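Peer 1: Next input, structure requested:
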Amino acid sequence: MKPTIASRALALVFLPLLGLYPQEADSGFSGGGVPPAPVVSSLAAKVSDGSVTLTWAQAPDVTGISEILRGDAPITVANESSARKLGSVPWNVTEFVDTDVEPGVRYWYAVISVDGDGTRYDFFLPASNSLIMAVSLEAPEKAGPAGIDGFAARVRNDAVVISWSESVQGKNLVLYRSTEPFTAFSSLLPAVLVSAFSDTGASFTDYPVPGVPYYYALLDEDSVHAGEVTFAPGKNTNGTSVEIPSELALIQRASILPLRPMPLPYLNPSREPERPAVRFSKATETKIARLTATASARPLNERQAYLFRSDTEDRGAGGDDYALRKIVAAGFGPDTLTALDDYLSLRRGEEAAARAHFYKGEALYFAGKYDDALLEFLLARDAYANQAGEWIQYALAALTDTGTR
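Peer 2: Numbering: from 1, shown residues only. The predicted structure is shown next:
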């Protein structure tokens with residue numbers, strides 16, 4: 001039997017935690033395990049003769065078509081509506097050539113799977129079915145691959161200083177950071193893109209979370225586009241992790257803009273400073289126990305709805321925010337779902353659309369439709385990782401408790 005949409009959504013939640021690609025999950029979880037994600041994998045782009053050739057590995061258990069999308073930014077569920085549909089190919093065709101490209105313009109591509117019954121799987125996994133780096137016709141005119149060597153990552157106070165030598169200066173480079181060693185192209189999936197820049201010969205300074213061991217990798221941008229990267233400790237990655245002492249977490253420094261939302265890592269317990277034990281009075285302990293028992297006994301559908309601050313403050317009439325604020329102000333009754341569907345039927349801003357999906361997930365959750373709610377929270381996760389992640393856990397717990405499949 002083909003896995004349901006809900007079971008595929010569960011797979012998409014757990015695949016990043018397992019550090020697997022969809023095709024790896026297919027071979028590692030046979031029988032009654034986690035089903036593979038219904039997306040193509042190993043999407044790569046090559047520029048030649050004034051065109052862009054896309055190649056990929058077909059999606060498991062999907063026998064419909066593959067749609068090719070192109071955008072002017074990395075394609076996600078939040079900005080999919082602004083991406084251009086270039087065409088489609090049968091599910092067993094794993095190549096597409098885009099000839100309508102202009103020199104000097106940067107393009108991002110994604111491939112979406114559509115099943116034979118018309119079910120569309122709007123999931124975007126970076127480095128799997130969605131490119132993480134732009135493609136440009138100028139790439140073949142540049143010099144050959146950067147010869148990166150002498151890579152080193154050194155801790156200096158609350159910073160990590162990255163240094164290297166390169167045979168072809170002026171090339172575009174990309175720097176990644178991960179809590180796991182870089183060994184293959186799949187290592188880029190859970191990694192954080194720290195920066196993309198043109199090499200000038202100067203070192204790079206990063207300010208990661210203290211108390212967490214990190215690995216870094218420096219790659220040629222063109223090689224990432226083509227999916228042809230290799231990792232060698234001491235040449236373009238560090239074989240031994242570097243870690244800023246957790247005691248420096250309290251040091252105040254200038255705010256650094258985050259590149260993308262990411263979960264708070266676990267600090268290394270061996271480097272944590274000793275803290276005195278916290279003791280409460282007997283009366284306080286009794287109150288804590290009573291509150292805990294009350295919270296545990298509360299039914300799943302009695303959770304309190306979460307509203308974003310922008311939808312609770314009156315910021316004037318007009319615009320996407322005003323329309324969404326009017327909908328959620330009426331609560332999360334049966335009419336809310338209809339109002340949110342009408343709201344999302346029109347093109348909205350990226351953040352407003354993500355919040356609308358989040359509120360739709362809450363409305364479905366309160367209605368007891370936990371599998372449908374889970375899909376909506378997944379659609380909001382790119383823009384609001386922390387809030388959506390919390391409600392994803394609520395929906396998963398509800399599915400487990402109620403036996404819903």
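Peer 1: When you work out contacts or count neighbours from here on, use the C-alpha atoms and nothing else.
Peer 2: Noted.
Peer 1: Downstream of the helix or strand of the chain with the lowest mean pLDDT, the next helix or strand is which one?
Peer 2: Ranked by mean pLDDT, DSSP states H and E, the weakest helix or strand in the chain is helix 22-28, scoring a mean of 43. Next along the chain after helix 22-28, taking DSSP states H and E as the criterion, comes strand 41-48.
Peer 1: What lies in contact with that following strand?
Peer 2: Among residues not part of strand 41-48, those counted as contacts by Cα atoms under 8 Å, 6 or more residues apart in numbering are 21-23, 52-59, 110-111, 127-131, 135-137, 139-140, 225-227.
Peer 1: Now do the buried residues in it.
Peer 2: 41, 42, 43, 44, 45, 46, 47 (16 or more other Cα atoms under 10 Å).
Peer 1: and what of stretch 233-240?
Peer 2: Within stretch 233-240, the residues scored as buried using 16+ other Cα under 10 Å are 233, 234, 235, 236, 237, 238, 239.
Peer 1: And for stretch 373-393?
Peer 2: Within stretch 373-393, the residues that qualify as buried are 373-385, 387-389, 391-392, counting by 16+ other Cα under 10 Å.
Peer 1: and residue 165, how many neighbours?
Peer 2: 19 (other Cα atoms under 10 Å).
Peer 1: and residue 310, what does it touch?
Peer 2: Residue 310 touches residue 321, counting by Cα under 8 Å, 6+ apart.
Peer 1: actually residue 108, not the one I typed
Peer 2: Residues near residue 108 by Cα under 8 Å, 6+ apart: 70, 71, 72, 73, 74, 75, 130, 131, 132, 133, 134, 135.
Peer 1: The strand or helix carrying residue 362 - what's its average pLDDT?
Peer 2: Using DSSP H and E, residue 362 maps to helix 350-366. Mean per-residue pLDDT for helix 350-366: 91.
Peer 1: after that helix comes which helix or strand?
Peer 2: helix 370-380.
Peer 1: after that next one, next one along is what?
Peer 2: Where DSSP H and E defines the elements, the next helix or strand beyond helix 370-380 is helix 385-402.
Peer 1: just checking, what packs against that next one?
Peer 2: Under the contact criterion of 3 or more Cα pairs under 8 Å, 6 or more residues apart in numbering; DSSP states H and E, helix 385-402 touches helix 370-380.
Peer 1: Which neighbouring elements make contact with the helix it packs on?
Peer 2: helix 5-18, helix 350-366, helix 385-402.
Peer 1: Any buried residues in the second one, and which?
Peer 2: So that's helix 350-366. So for helix 350-366, counting by 16+ other Cα under 10 Å, buried means 350-366.
Peer 1: cool, stretch 53-70 as well?
Peer 2: For stretch 53-70, by 16+ other Cα under 10 Å, it's 54-60, 62-70.
Peer 1: repeat for stretch 102-118
Peer 2: In stretch 102-118, counting by 16+ other Cα under 10 Å, buried: 106, 107, 108, 109, 110, 111, 112, 113, 114, 115.
Peer 1: same thing with stretch 69-89?
Peer 2: 69-71, 73-80, 82-83, 85, 88.
Peer 1: now the helix holding residue 362 against helix 385-402, angle please.
Peer 2: Interaxial angle, helix 350-366 versus helix 385-402 (axes from the mean of the first three to the mean of the last three Cα atoms, to 10 degrees): 20 degrees.
Peer 1: Need the contact partners of helix 350-366.
Peer 2: Residues outside helix 350-366 that contact it (Cα under 8 Å, 6+ apart) are 78-79, 301-302, 305, 308, 320-321, 324, 328, 332-334, 336-337, 340, 343-344, 370, 372-377, 379-381, 383-384, 388, 395.
Peer 1: Helix 370-380 and that helix, what's the angle between them?
Peer 2: Angle of helix 350-366 versus helix 370-380, following the same axes, to 10 degrees, is 170 degrees.
Peer 1: can you give me how far helix 350-366 is from the chain middle?
Peer 2: Distance of helix 350-366 from the chain centroid (Cα atoms, centre = their mean, to the nearest Å) equals 18 Å.
Peer 1: May I have it as CSV, with CA atoms only?
Peer 2: This file holds the C-alpha atoms of helix 350-366, laid out as CSV (Å, rounded to 0.1, in the frame of the first residue of the first chain):
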residue,chain,number,x,y,z
GLU,A,350,6.0,35.5,2.4
GLU,A,351,5.7,36.1,6.1
ALA,A,352,1.9,36.7,6.0
ALA,A,353,1.3,33.5,4.1
ALA,A,354,3.5,31.5,6.5
ARG,A,355,1.5,32.9,9.5
ALA,A,356,-1.8,32.0,7.8
HIS,A,357,-0.7,28.4,7.3
PHE,A,358,0.4,28.4,11.0
TYR,A,359,-3.1,29.7,12.1
LYS,A,360,-4.8,27.2,9.8
GLY,A,361,-2.7,24.4,11.5
GLU,A,362,-3.9,25.6,14.9
ALA,A,363,-7.6,25.6,13.8
LEU,A,364,-7.3,22.1,12.4
TYR,A,365,-5.5,21.0,15.6
PHE,A,366,-8.4,22.3,17.8
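Peer 1: Now do stretch 243-260, average pLDDT.
Peer 2: Stretch 243-260 comes out at a mean pLDDT of 58.
Peer 1: Ok, stretch 191-199 next?
Peer 2: Stretch 191-199 comes out at a mean pLDDT of 86.
Peer 1: again, but for stretch 52-59
Peer 2: Stretch 52-59 shows a mean pLDDT of 92.
Peer 1: next one: stretch 74-88
Peer 2: pLDDT averaged over stretch 74-88 gives 90.
Peer 1: Straight-line length of that stretch, end to end?
Peer 2: 19 Å (Cα to Cα, to the nearest Å).
Peer 1: Check the offset of it from the chain's centre.
Peer 2: Averaged C-alpha coordinates place stretch 74-88 at 16 Å from its chain's average position (Cα atoms, centre = their mean).
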